[in-house]
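In: fold the following.
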Amino acid sequence: MTQTDSLGIESEAVLAPELINQEKTNEGVAKATGVLVLGNIASRALGMAREVAVTGLFGASRATDAFYVATLVPRTIYDLLIGGQLNGAIIPVLSEVVTKEGQKALWQLVSVLLSLVTVILAALTLILVTFAPQVVGLVGSGYDAPTQLLAAELLRLTAPALIFMGLFALLSGALYALRAFTLPAMAGAVFNGCIVLGMILLAPPLQVVASMNNGVVTLMPGRPADAIRAAALGWLIGSVAQMVSQLPGLRGARLRFTLNWYHPAIRQIARLYAPVMFSLIIDALVRFFSYNFASQTGEKSLSYMNWATTLIQFPQGLVATAISIAILPTLARQSVLISRDGDRPFKDTLGLGLRLAITLILPAAVGLFVLATPIVRLLFEHGAFLPEDTIITAHALRLYLIGLPFAAIDLLLVYAFYAQQDTLTPALIGLVSLVIYMVVALVLLPTYGLYALMLADSAKHLAHSSISAFILSRRMRGLGSQRLPLTVAKAGFAALIMGVVGILVEPTLERIIGTTGLLREAVLVGVSGALSVAIFLVMAAVLRLEELRWLGRLLRQRLSR
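Out: The predicted model follows:
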């Protein structure tokens with residue numbers, strides 16, 4: 001008699017060989033996801049510490065706006081040339097090469113890529129350093145001359161990080177193709193940790209500085225604007241350390257610098273990369289418009305937007321990014337073998353990723369929505385960060401959260417296209433979503449100011465995920481018996497109950513805890529968060545949310561070994 005487990009996978013005792021392999025694939029995906037989640041926790045925690053250090057040391061000011069402009073430029077170029085094509089072109093091609101030809105061929109290709117990228121990024125870095133004022137003028141046109149001048153100075157410090165970020169991406173891509181996840185997963189923690197240490201060690205001490213508000217000069221403790229150089233230097237140091245952290249995983253790899261850039265796979269990567277670059281240009285345009293719009297909605301707006309984005313990236317990184325990167329190499333290999341094994345393994349792996357993402361991102365979004373204000377107070381409201389800054393940042397965060405579930409699902413769908421070596425379709429969908437973003441932002445900006453950008457971002461994710469799901473489902477003739485609507489209903493209802501209880505309980509907890517200060521906010525967030533998790537787990541058990549039960553069972557099995 002055939003036995004089927006709670007996720008629709010038949011038990012190993014009576015399972016056909018390809019389905020036994022799928023069960024092992026699911027366990028491998030879960031293991032890789034666990035490693036990536038731990039890495040993302042460390043990375044996001046230190047990323048949060050980085051933003052806490054920025055707010056504590058420099059507050060919401062022109063200096064922080066200048067720093068974010070100076071880091072936006074190399075980060076955008078990195079995304080356009082390397083980071084964006086890592087998942088869309090590099091990892092799928094490297095996975096195919098190592099699957100068909102072995103590791104020797106893999107290292108030959110990686111050597112060519114490292115050499116090519118080093119030369120290109122070195123040239124771009126020289127251009128950025130030379131024309132820093134002009135580049136800053138394009139990105140932050142809404143800022144005054146002193147802010148643009150400071151941003152240009154900081155850009156000259158952050159631009160060389162572009163080279164090391166590119167080398168890191170290629171080295172981590174090789175490790176992902178080998179399904180070695182630990183070192184790439186921890187690299188973000190190394191990067192952010194070095195930035196934090198750099199700011200703390202290099203920032204000058206507080207001194208009395210003058211500030212002007214409505215024509216009134218006020219003397220108060222602070223740091224001069226150029227103290228923000230410490231953050232820029234930390235950014236550069238972090239990029240070097242991030243690249244170096246990948247080297248232990250490459251022992252035995254035969255990598256060398258070469259000027260012979262011909263390799264058959266380069267053409268394949270270029271073919272896949274062209275649509276990815278188009279898609280990334282669209283993302284860069286979204287950033288460009290966002291930063292320009294934000295710079296025109298008032299001083300500090302760019303900082304508020306950046307802090308809210310940092311908070312939204314925490315659950316996005318823990319759930320969607322971790323699961324997507326974990327399944328991408330497996331999907332890429334399964335896509336190569338579809339003609340032999342059929343498309344069921346591909347559908348099952350993608351379906352598992354979607355169900356896990358839905359199960360985890362919905363309670364994360366609801367919990368963060370309910371606790372937005374105390375979380376912002378806990379993390380940022382100290383030093384130069386004021387209570388009015390908390391209110392604006394929390395509002396921006398809540399509006400971003402509307403689009404978080406759609407962004408999480410969309411990332412997995414995009415990676416499914418990439419695994420099939422189709423980078424054109426996501427790029428075209430991105431063009432449609434850019435138009436939607438621009439229309440919503442322009443229509444709402446006069447009324448809602450800065451908050452129009454968060455609403456436009458949520459509308460963009462909703463449109464992109466909906467179109468991606470429709471096209472992929474048509475192409476694959478559905479996903480089979482994945483029961484996605486049932487998972488959405490169960491996880492959504494459990495998260496809803498959790499949120500309602502959180503809203504009702506939070507005022508009572510505030511009265512019980514009393515007082516003010518960092519300890520009070522830490523207790524409030526800790527108790528509320530623990531209660532929310534407990535309520536969701538109870539509701540998930542009552543509703544028999546199978547994905548959580550499967551993860552729990554797998555965790556118990558691994559701990560008992």
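In: show me how far whichever helix or strand Ala534 is part of is from its chain's centre.
Out: Per DSSP states H and E: Ala534 is located in helix 518-542. From the chain centre to the centre of helix 518-542 is a distance of 24 Å (C-alpha atoms, centre = their mean, to the nearest Å).
In: list the buried residues of that helix.
Out: Applying a neighbour-count criterion of 16 or more other C-beta atoms under 10 Å, the buried positions in helix 518-542 are 520-521, 523-525, 528-529, 531-532, 535-537, 539-540. For glycine as for every other residue, the C-beta is placed from the backbone atoms N, C-alpha and C.
In: tell me the one of those residues nearest Leu401?
Out: Using C-beta to C-beta, Ser532 is the member of the buried residues of helix 518-542 that lies nearest Leu401, at 14.4 Å.
In: can you tell me how far the closest one sits from Pro363?
Out: According to C-beta to C-beta, to the nearest Å, Ser532 stands 7 Å off from Pro363.
In: now Val139
Out: 36 Å.
In: again, but for Phe191
Out: 28 Å.
In: got it, and Ala463?
Out: Distance from Ala463 to Pro363, by C-beta to C-beta: 24 Å.
In: which one's more surrounded, these two?
Out: Remark: of Ala463 and Pro363, Pro363 carries more neighbours, 26 against 22, as counted by other C-beta atoms under 10 Å.
In: let's verify the more buried one: helix, strand, or coil?
Out: Three-state call for Pro363 (DSSP: H, G, I helix; E, B strand; the rest coil): helix.
In: what does Gly252 give?
Out: coil.
In: tell me the pLDDT at it?
Out: You'll see Gly252 listed with a pLDDT of 77.
In: ok, the residue positioned nearest the centre of the chain to Leu462 distance?
Out: Nearest to the geometric centre of the chain sits Gly317, at 4.7 Å (C-alpha atoms, centre = their mean). Distance of Gly317 to Leu462, given as C-beta to C-beta: 20 Å.
In: again, but for Ala49
Out: Taking C-beta to C-beta, one finds Ala49 at 32 Å from Leu462.
In: for stretch 390-408, which outside residues touch it?
Out: Residues from elsewhere that reach stretch 390-408, judged by C-beta atoms under 8 Å, 6 or more residues apart in numbering: 304-305, 307-309, 311-312, 315-316, 319-320, 357-358, 361-362, 364-365, 368-369, 372-373, 375-377, 380-381, 450-451, 454-455, 457-462, 464-466.
In: let me fix that: stretch 523-536
Out: With C-beta under 8 Å, 6+ apart as the contact definition, stretch 523-536 has outside contacts at 363, 367, 370-371, 374-375, 378, 494-495, 497-499, 501-502, 505-506, 509-510, 513.
In: what subset of those is buried?
Out: Buried among the contacts of stretch 523-536 by 16+ other C-beta under 10 Å: 363, 367, 370-371, 374-375, 378, 494-495, 497-499, 501-502, 505-506, 509, 513.
In: what sits against Val135?
Out: So Val135 contacts 73, 128, 152, 155 (C-beta under 8 Å, 6+ apart).
In: and what of Phe67?
Out: So, once contact is read as C-beta under 8 Å, 6+ apart, Phe67 ends up touching 54, 58, 151, 154, 228, 231-232.
In: put the alpha carbons of the helix or strand containing it into PDB.
Out: Element membership of Phe67, judged by DSSP H and E, is helix 62-78. Extracted in PDB, the C-alpha atoms of helix 62-78 (Å, rounded to 0.1, in the frame of the first residue of the first chain):
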ATOM      1  CA  ARG A  62      22.900  65.300   5.800                       C
ATOM      2  CA  ALA A  63      26.000  63.300   6.600                       C
ATOM      3  CA  THR A  64      24.100  60.000   6.600                       C
ATOM      4  CA  ASP A  65      22.300  61.000   3.400                       C
ATOM      5  CA  ALA A  66      25.700  61.600   1.800                       C
ATOM      6  CA  PHE A  67      27.000  58.200   3.100                       C
ATOM      7  CA  TYR A  68      24.000  56.400   1.600                       C
ATOM      8  CA  VAL A  69      24.500  58.100  -1.800                       C
ATOM      9  CA  ALA A  70      28.200  57.100  -1.700                       C
ATOM     10  CA  THR A  71      27.300  53.500  -1.000                       C
ATOM     11  CA  LEU A  72      24.400  53.400  -3.400                       C
ATOM     12  CA  VAL A  73      26.600  54.000  -6.500                       C
ATOM     13  CA  PRO A  74      29.100  51.100  -6.100                       C
ATOM     14  CA  ARG A  75      26.300  48.800  -4.900                       C
ATOM     15  CA  THR A  76      24.200  49.600  -7.900                       C
ATOM     16  CA  ILE A  77      27.100  49.000 -10.300                       C
ATOM     17  CA  TYR A  78      27.900  45.800  -8.500                       C
END
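In: how far is that helix from where the chain is centred?
Out: Counting by C-alpha atoms, centre = their mean, helix 62-78 is centred 17 Å from the centre of its parent chain.
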